[in-house]
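*Asks:* have a look at this prediction, sequence included:
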Amino acid sequence: MIQLEHVLPADIEKTSFSIIASELAEKGISLPEELAPIIMRVIHTTADFEYAKTLKFSPNVVEIIKKAIKSGADIVTDTNMALAGINKKSLEKFGGQAHCFMADEEVAKKAKELNQTRATVSMKKASQIEKSVIFAIGNAPTALVELCSLMEIGFRPVAVIGVPVGFVNVVAAKEMIMASGVPYIVNEGRKGGSTVAAAICNAILYSLK
């Protein structure tokens, strides 16, 4: 007979994180204190312990993102799924907003005219936001490529969370971000996704007071 654990709804997340910590210890994996909440929340979201090895962080990126959020920075995503997953109330407490321009009519029209992806055009639109911006990209490698192009002509985001999932240009786009000089959180390889991008944002937001 299958036995289910009896866990109160309020304790499910706490129990999950306890299991993750225990299994990391069993695997001999020790996470840096500053990065542990982010890596563990991604594992919690995906049930994939490989992220403990493949998530890469540029120096001081977490502190850079925290400082920007506390100063009212916005977050731009490349999917409405990631936008939905980000805790916008936590972000709004510091004066920031979350955006996704993928469904914007102007973006769709321009993408068709230019024969470019909506993700590419939405990054151009996001670069016009007149305040500090953090990018959380979980789906479109073309968004990362466009951000690199924009940075070459002077645009400077606070940081790029680059975790698109897929097979075409995904690895190369992530490598471009890591070589761009921008502060980054990137997952090496093909894995990632909108839920991962949102989980990283939320882990950072939940650590702020």
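*Replies:* It's in.
*Asks:* where do the helices sit along the chain?
*Replies:* In the chain, the helices defined using DSSP state H lie at 12-26, 36-46, 51-54, 61-70, 80-85, 88-92, 105-114, 118-126, 141-152, 170-178, 194-206.
*Asks:* can you redo the ones you listed as a markdown table with distance to residue 2 and mean neighbour count?
*Replies:* Just so you know, the C-beta spots here come from the backbone N, C-alpha and C atoms, and that holds for glycine as well. Below are these laid out as a markdown table (distance: least, Cβ to Cβ, whole Å; neighbours: other Cβ atoms under 10 Å):
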| stretch | distance to residue 2 | mean neighbour count |
| --- | --- | --- |
| helix 12-26 | 18 | 13 |
| helix 36-46 | 23 | 21 |
| helix 51-54 | 29 | 18 |
| helix 61-70 | 40 | 19 |
| helix 80-85 | 31 | 19 |
| helix 88-92 | 37 | 15 |
| helix 105-114 | 48 | 13 |
| helix 118-126 | 43 | 23 |
| helix 141-152 | 41 | 21 |
| helix 170-178 | 38 | 19 |
| helix 194-206 | 27 | 24 |
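*Asks:* make JSON lines out of those and add mean pLDDT.
*Replies:* Output for the helices of the chain, formatted as JSON lines (pLDDT from 0 to 100):
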{"stretch": "helix 12-26", "mean pLDDT": "93"}
{"stretch": "helix 36-46", "mean pLDDT": "97"}
{"stretch": "helix 51-54", "mean pLDDT": "97"}
{"stretch": "helix 61-70", "mean pLDDT": "98"}
{"stretch": "helix 80-85", "mean pLDDT": "96"}
{"stretch": "helix 88-92", "mean pLDDT": "96"}
{"stretch": "helix 105-114", "mean pLDDT": "93"}
{"stretch": "helix 118-126", "mean pLDDT": "95"}
{"stretch": "helix 141-152", "mean pLDDT": "96"}
{"stretch": "helix 170-178", "mean pLDDT": "97"}
{"stretch": "helix 194-206", "mean pLDDT": "97"}
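*Asks:* for the ones you listed, which one sits closest to residue 188?
*Replies:* Nearest of these to residue 188, taken as Cβ to Cβ: helix 51-54 at 4.6 Å.
*Asks:* which other helices and strands does that closest one contact?
*Replies:* If contacts are counted by 3 or more Cβ pairs under 8 Å, 6 or more residues apart in numbering; DSSP states H and E, helix 51-54 sits against helix 36-46.
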